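Student: attaching a predicted model along with its sequence, questions to come.
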Amino acid sequence: MSQGYVPVNWKRSKQVYDLCLWAGILLYVAAFIVVTNTLYRGDQALPLLTVLLRATSTCAFVMLTLILCIGPLARLDRRFLPLLYNRRHFGVSMFVVALVHGLLAVYWYHSFGPVNPLVSVFTSGGDYRSVTDIPFEVLGAVALMILFVLAATSHDYWNATLGGPLWKAIHLCVYPAYALIVLHIVFGALQQDATGLMPWMVMVSVGLVGGLHVSAALTRSGADRQVSSDESQWVPVGNYRDIPDNRAVTIDVDTDERIAVFRYSGNRLCAVSNVCQHQNGPLGEGRVIDGFITCPWHGYQYRPEDGCSPPPFTEKIRTYRLKLEGDRLFVDAEPLPEGTPRPVLEAPGTADGQSNG
Amino acid sequence: MSKPEPPFFVGYLPTPQALARFYQPLVLVLVVGCAMLGYWLGAQQKPGAPAVWAVGAATTMSGVLQVDPYPVLHRVHPEDPARIESVLLVRQGKFAATGLARELDGKAVDVTGARISRGGWTMLEVSSGGSFAPADGIEIKAITDRLGTESLGKIVLAGEIVDSKCFLGVMKPGAGAIHKSCAEVCLLGGIPSMLVAKASDDRKYGYILVRPDGTSASTLTAKLAGEAVRITGELERRGDLLYLRMAENGLERI
């Protein structure tokens, strides 16, 4: 969390994650090279650099597709949350593979000539006046620059320095980068694809990423309780007994952020912003662990009483007031400033801790 | 009875047993799957064009040097002495060998470099220093008399403009959309420009492109590298190379 920064705060789970990730990357590239060199020898052999270019490009594209699938997959099935926990390591690894591809392309296609290789990347190979003849290398180069920014700012230091919303906005640029990479393939490799596989690779990737995002969005919007605060600032949440113990329901009150209403320790109730200060993770999908609201993405924790992270951490989220009328729970749609204490409601007669969910 | 709590993962806490049981086979499948995917995708590639770039293996050829429009070594064909073989000469990297060969133009020379070959074409890639040396024992006239310059008439050909060095074996693929930028840079460096046209027998034929005045067309055609073009011009044979002398305004993008 926010108490200090080290390059990588290694945990065993992170080490296992990275080990498996790089084992997969190296096995993929090695298998690609070995099969190519086994199948094609002599005068039909493919140059090693060409094979490496193809291996790294397809590897990076598959990785980016998987990275973009992790978010919605984790929302659809919570067992995939551990993949999301270290997604930044996946992203930086993907950038490294894409960078190798980019450097090889500059070396192989643009170097050793009369034009500066970096100038050549942006000036040769097409015509900006024609939509169908846009140089595909430029699309890839711009995507790589975006991925560099994302990799360089992926550390929590930048998250805290830039602030959650700006950091999140920057990192949402992974979607334009993905779109540019798809176009890079469509205007480049796909134009010369002798295998017939490229269109399928692109379609499967776009279908998977798009389909999972739509599916997750539909699922989550169904899970949210849509309420209106037109007539009163106190909006109904429902019967508090319907909230599973140590978990939350998420309320959408037409404001700029949703509200997570937690029930914990059997009969305690509190409401906070649904947005984690770390990476804007959905707190309402988290749990109360050891008395702290815990974000499902990276385990950032907040006190139910005031929305503050426990010392020495400094994150704060907005809090909301609650009231009970019988079993019916109401939340004040007007947020209190980040870290503001307010009374935690204690519902009568349910201190047995049994979940009703 | 309430439902069991689904496992909740927090990176800094011990991994729930249910999640560990879920991931152990999944990770194994994914890692092995990476190797299988790499193997499968690699196996889907088509073979490279049947061409060789013998980089690192120096070959010496002897003959008569002609520098314009592009450096060519004309020599007695090693396997068929009745024929003259014309070997295109290029420099290492994406540069013409013109500057290196200029002072020996029209003379008998030994040229040393890396052989590049595809089909009936031969090219020699020379290095910046020490690749050219005057040769003894070669009767220049015996070769130049057999060269001739034969006009084969007007022709219209459609095909793709490539840089001959990459197409003849340095790059695979040495043509098409992916190679377009490289071809452009090579042509800007003076590598001989070539039109590759597919004939009705599905074989590819190469024609060295020259401007209407007979000089190098490399820089003129650079921006159209990798493009489908139609060229009107006059076909000429010199040695065993076919040159397409483009007519004024005879080059159009299709």
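Tutor: In hand now; what should we look at?

Student: for the stretch 51-200 of chain B, which residues are neighbours of chain A?
Tutor: Residues of the stretch 51-200 of chain B lying near chain A by Cβ under 8 Å from any Cβ of the partner chain: B:51-53, B:92-95, B:171-173, B:176-182, B:184-186, B:188-189. Any C-beta I mention is one placed from the backbone N, CA and C, and that applies to glycine too.

Student: list the contacts of the residue nearest to the spatial centre of chain B.
Tutor: Nearest residue to the geometric centre of chain B (Cα atoms, centre = their mean): residue B:166, 1.6 Å. By Cβ atoms under 8 Å, 6 or more residues apart in numbering or on different chains, the residues touching residue B:166 are B:174-175, B:179, B:182-183, B:186, B:191.

Student: just say helix, strand or coil for it.
Tutor: At residue B:166 the chain is in helix, as set by DSSP: H, G, I helix; E, B strand; the rest coil.

Student: with residue A:269 instead?
Tutor: strand.

Student: what's the burial count for the nearest residue to it once chain neighbours are set aside?
Tutor: Among residues not flanking residue A:269 along the chain, residue A:345 sits closest, at 4.1 Å (Cβ to Cβ, 6 or more residues apart in numbering or on different chains). Residue A:345: 17 surrounding residues under other Cβ atoms under 10 Å in any protein chain shown.

Student: and the gap between residue A:345 and residue A:265?
Tutor: Here the criterion is Cβ to Cβ, to the nearest Å. By it, residue A:345 lies 12 Å from residue A:265.

Student: mind checking the end-to-end distance for stretch B:181-198?
Tutor: 22 Å (Cα to Cα, to the nearest Å).

Student: repeat for stretch B:173-181
Tutor: End-to-end distance (Cα to Cα), stretch B:173-181: 12 Å.

Student: how about it: buried residues?
Tutor: Within stretch B:173-181, the residues that qualify as buried are B:173-175, B:177-181, counting by 16 or more other Cβ atoms under 10 Å in any protein chain shown.

Student: likewise stretch B:42-59?
Tutor: Per 16+ other Cβ under 10 Å, stretch B:42-59 contains these buried residues: B:42, B:45, B:47-49, B:51-53.

Student: okay, now the domains of chain B?
Tutor: B:51-144, B:150-253 (automatic domain parsing).

Student: now the strands for chain A?
Tutor: Secondary structure of chain A (DSSP state E): strands located at A:225-226, A:234-239, A:247-252, A:259-264, A:268-273, A:287-289, A:292-294, A:301-302, A:319-320, A:322-325, A:328-332, A:345-346.

Student: please compute how far the last one lies from its chain's middle.
Tutor: The gap between where strand A:345-346 is centred and where its chain is centred comes out at 35 Å by Cα atoms, centre = their mean, to the nearest Å.

Student: and what of the fifth one?
Tutor: Offset of strand A:268-273 from its chain centre (Cα atoms, centre = their mean): 25 Å.

Student: pLDDT weak spots in chain A?
Tutor: Low-confidence segments of chain A (pLDDT under 70): A:1-6, A:131-132, A:221-232, A:255, A:349-357.

Student: re earlier: tell me who's in contact with the residue nearest to residue A:269.
Tutor: A:268-270, A:322-324, A:329.

Student: what's the helix or strand bottoming out on mean pLDDT in chain B packed up against?
Tutor: Sorting the helices and strands of chain B by mean pLDDT, DSSP states H and E puts helix B:140-147 at the bottom, at a mean of 90. When contacts are defined as 3 or more Cβ pairs under 8 Å, 6 or more residues apart in numbering or on different chains; DSSP states H and E, helix B:140-147 packs onto strand B:51-66, strand B:72-76, strand B:84-91.

Student: pipe the ones you listed into a markdown table and attach mean pLDDT per row.
Tutor: Putting the helices and strands packed on helix B:140-147 into a markdown table (pLDDT from 0 to 100) gives the following:
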| stretch | mean pLDDT |
| --- | --- |
| strand B:51-66 | 94 |
| strand B:72-76 | 96 |
| strand B:84-91 | 96 |
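
Student: now tabulate the ones you listed in CSV and tack on distance to residue A:70.
Tutor: Conversion of the helices and strands packed on helix B:140-147 to CSV gives the following (distance: least, Cβ to Cβ, whole Å):
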stretch, distance to residue A:70
strand B:51-66, 43
strand B:72-76, 58
strand B:84-91, 49
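
Student: wait, doesn't residue B:183 sit right on residue B:162?
Tutor: Yes - counting by Cβ atoms under 8 Å, residue B:183 does reach residue B:162; the two are 5.6 Å apart.

Student: any residues in contact with both of the two?
Tutor: Joint contacts of residue B:183 and residue B:162 (Cβ under 8 Å, 6+ apart) are B:174-175, B:225-226.

Student: wait, which of those is closest to chain A?
Tutor: residue B:226 (7.5 Å; Cβ to the nearest Cβ).

Student: would you mind listing what in the stretch 101-250 of chain A touches chain B?
Tutor: Counting by Cβ under 8 Å from any Cβ, the stretch 101-250 of chain A sits next to chain B at A:108-110, A:112-115, A:120-121, A:124-126, A:135-137, A:187-189, A:191-192, A:194-195, A:197, A:246.

Student: can you turn the buried part of those residues into a PyMOL selection?
Tutor: Restricted to buried positions by 16+ other Cβ under 10 Å, the PyMOL selection for these reads:
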select buried, chain A and resi 108+109+110+112+113+114+115+120+121+124+125+126+135+136+137+187+188+189+191+197+246
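
Student: for the residue of the stretch 251-357 of chain A at minimum distance from chain B, give its distance to residue B:27.
Tutor: Here the residue of the stretch 251-357 of chain A nearest chain B is residue A:299; by Cβ to the nearest Cβ that distance is 3.9 Å. Residue A:299 sits 21 Å away from residue B:27, going by Cβ to Cβ.

Student: these two: which is more packed in?
Tutor: Applying other Cβ under 10 Å to residue A:299 and residue B:27 shows that residue A:299 carries more neighbours, namely 22 against 17.

Student: from residue B:211, how far out is residue B:248?
Tutor: 9 Å.

Student: and for residue B:191?
Tutor: Distance from residue B:191 to residue B:211, by Cβ to Cβ: 15 Å.

Student: give me the more crowded residue out of these two.
Tutor: residue B:191 (31 against 19).

Student: give me the number of residues near residue 159?
Tutor: Since no chain was named, I'll use chain A. Residues near residue A:159, counting by other Cβ under 10 Å: 22.

Student: that answer is for a different chain, and I need it for chain B
Tutor: 23.

Student: and it, that's in a strand?
Tutor: Yes - inclusion of residue B:159 in a strand is indicated when three-state DSSP is applied.

Student: any idea which element the residue lying closest to it once chain neighbours are set aside lies in?
Tutor: Sequence neighbours aside, residue B:197 is the residue nearest to residue B:159 in space, at 3.3 Å (criterion: Cβ to Cβ, 6+ apart). Element membership for residue B:197, per DSSP states H and E: strand B:193-198.

Student: what mean pLDDT does the longest helix seen in chain B get?
Tutor: For chain B, the helix that runs over the most residues, judged by DSSP state H, is helix B:17-43. Mean pLDDT, computed over helix B:17-43, is 94.
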